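Participant: Sharing a sequence plus its predicted fold:
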Amino acid sequence: MPNHPFYSNSLVECTEVEELLNAGARPVQIDIDPEAYDQGHLPGAIPWHWETQLRNPETQQILTKVQFEELMAASGIEPDTKVLLYGDNNNWFACWGFWLMKLYGHENVWLLDGGLRKWLSSGCPVTDEKPVYQQTSYTAKECDLSNKATTENIFGAFFDPAGQALIDVRSSAEFEGRLRSPGAGMEAKCSIAGHIPNAINIPWNLNCKADGTFKDPDELSPLYESFGVTRDKSVITYCAIGERSSLGWFVLKYLLDYKVVMNYDQSMAQWCRLPNAPIEVGAAA
Amino acid sequence: MPGVTTLIDQYEEHIREVAGWKLQIAAYRLGDKYVCVVSNVDPGATICRVCAPTREEALRRGLEDAGSRLAQMEISDAGPHKQEPKVLTTLKFKGSAYTVGEFIALPLQSRMEFILSGELVYLDGNGAVLQAPDAMKQLHHACQPLAA
């Protein structure tokens, strides 16, 4: 584990999982492809499907407090249960889960560094057994909206470049408007290609090493500062549908300890639907 | 983790370029079958997951499946962004005209409403209309603190 105090609060390596599980942690695999779970998962892990369980199916926004409580209760999770999140797609959707749990005040939540890929490539144990946990009763805290950006926050950042930064964490091809979604089969429902004017493009994968684990804060900090995203600024991250921006949010908030970081979870999927919302194509100036 | 059956072994990853895409291909044995997971290195999304009785078959089908899915993902050439030479001087909204400074001084909610209304017109000193992205760039620039 990198010698950094923030890691122990939010991120665990594969070698630390057993200790966490022995302490009663509940592993949860978050994906958009249910087959990933069926093809081997952490012992004791339950699956959450991002599209059908972690978003409000009617509004395509975050779960309501009641929906969140129902999910936790059905998953056998209580407010003090330790939860270990991980997933496929480089932890994109697991990061959304982490963000969502923090919104509703669940304190004891960790992310497995490198996600499912790192777990498998490290030869760690997997099973195909699907555990059943007893239903619990879960009362969430009120939603902490300080971590969630709205359209008004986006405009606020636009008109306050000295105090705020808006980061687009998609690939440069998506940012420039040359590509509309990151992968076939996971179209982001963005009807218009391009980015929010004057956003800074810091692709999510610049946060990660080749094996999918996060870079050390000593590497990440100069990366963000080189783009002018300094600690004194409040920062908003966005992407296409809010999952990769959750990863950027996680890095800034939990690995780099930036004080004000918001995830624009509706991201370009919403921005594109706003009538007359300005959209820019091409590389950043 | 006692009592756990380790189902997966022979995990291997490699990078391969297919149809202009750099792909990360992972294959492993899962019990009595083999799994192949194909992702694009950039943007980094999982493209497909396939199972087959042998590693070779899983890899072949994974690449085939990825190839057909990637064919649907067209990367177009957006071309270099062309900055219009026009300089934003006036913003007009429903009969009212604002200088850049006046517009920036409006309440944020008003600025947001004007922009999203589609009725805000961006003009240069000669009355020529600027496109919204170019005008927005100049508005943003006008909000930058002056260098000391």
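Facilitator: The structure has been received and is ready for your questions. The structure presented is a predicted model; accordingly, all values stated were derived computationally and were not measured.

Participant: So what touches the lengthiest helix in chain A?
Facilitator: Ranked by residue count and defined by DSSP state H, the top helix of chain A is helix A:92-103. Contacts to helix A:92-103, defined as Cβ atoms under 8 Å, 6 or more residues apart in numbering or on different chains, come from residues A:10, A:28-32, A:48, A:50, A:54, A:62-63, A:68, A:83, A:85-87, A:109, A:111-112, A:115, A:143-145, A:147-148, A:204, A:242-244, A:246-247, A:249-250, A:263, A:265, B:44. Just so you know, the C-beta spots here come from the backbone N, C-alpha and C atoms, and that holds for glycine as well.

Participant: pLDDT on that helix, on average?
Facilitator: Confidence over helix A:92-103 (mean pLDDT, whole number) is 97.

Participant: before we move on, what about stretch A:166-184?
Facilitator: Mean pLDDT, taken over the full extent of stretch A:166-184, equals 89.

Participant: what do you get for stretch A:38-55?
Facilitator: In this model, stretch A:38-55 carries a mean pLDDT of 93.

Participant: same question, stretch A:235-242
Facilitator: 96.

Participant: Show me the contact partners of that stretch.
Facilitator: Stretch A:235-242 is contacted by residues A:96, A:149, A:153-154, A:157, A:164-170, A:174, A:181-182, A:188-190, A:196, A:199, A:204, A:229, A:245-246, A:248-249, A:252, A:258, A:260-269, A:271 when judged by Cβ under 8 Å, 6+ apart.

Participant: For the buried ones among the residues you listed, write the corresponding PyMOL selection.
Facilitator: Those of the contacts of stretch A:235-242 that count as buried under 16 or more other Cβ atoms under 10 Å in any protein chain shown are selected in PyMOL with:
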select buried, chain A and resi 96+149+153+154+157+164+165+166+167+168+169+170+174+181+182+188+190+196+199+204+229+245+246+248+249+252+258+260+261+262+263+264+265+266+267+268+269+271
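
Participant: all strands of the chain, in order?
Facilitator: Picked chain A for this. When secondary structure is read from DSSP state E, chain A shows strands at A:11-12, A:26-31, A:46-49, A:83-87, A:109-112, A:164-168, A:200-201, A:234-238, A:261-263.

Participant: Hmm, no, I was thinking of chain B.
Facilitator: Listed in chain order, the strands of chain B (DSSP E) span residues B:8-18, B:21-30, B:33-40, B:46-52, B:88-93, B:96-99, B:120-124.

Participant: Next up, the contacts around whatever residue of the stretch 51-200 of chain A ends up closest to chain B.
Facilitator: Using Cβ to the nearest Cβ, residue A:183 is the residue of the stretch 51-200 of chain A that sits closest to chain B, at 2.9 Å. Contacts here follow Cβ under 8 Å, 6+ apart; on that basis residue A:183 touches B:39, B:40, B:43, B:45, B:46, B:47, B:69, B:73.

Participant: quick one: the last one and chain A, what's the gap?
Facilitator: Counting by Cβ to the nearest Cβ, to the nearest Å, the gap from residue B:73 to chain A is 5 Å.

Participant: Residue 43: how many residues sit nearby?
Facilitator: Chain wasn't specified; assuming chain A. Each residue near residue A:43 was counted by other Cβ atoms under 10 Å in any protein chain shown, and the total is 20.

Participant: my bad, the chain I had in mind was chain B
Facilitator: Residue B:43 sits with 25 neighbouring residues when counted by other Cβ under 10 Å.

Participant: Same check on residue A:49?
Facilitator: Residue neighbour count, defined by other Cβ under 10 Å, stands at 16 for residue A:49.

Participant: Buried among the contacts of residue A:183? Need that as a selection in ChimeraX.
Facilitator: Only the buried members of these enter the following ChimeraX selection, criterion being 16+ other Cβ under 10 Å:
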select /B:39,40,43,45,46,47,69,73
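
Participant: As CSV, the contacts of residue A:183 with distance to residue B:87 and pLDDT would be great.
Facilitator: Putting the contacts of residue A:183 into CSV (distance: Cβ to Cβ, whole Å; pLDDT from 0 to 100) gives the following:
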residue, distance to residue B:87, pLDDT
B:39, 45, 93
B:40, 41, 91
B:43, 36, 89
B:45, 41, 89
B:46, 46, 90
B:47, 45, 91
B:69, 46, 87
B:73, 39, 79
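
Participant: Noted, bye for now.
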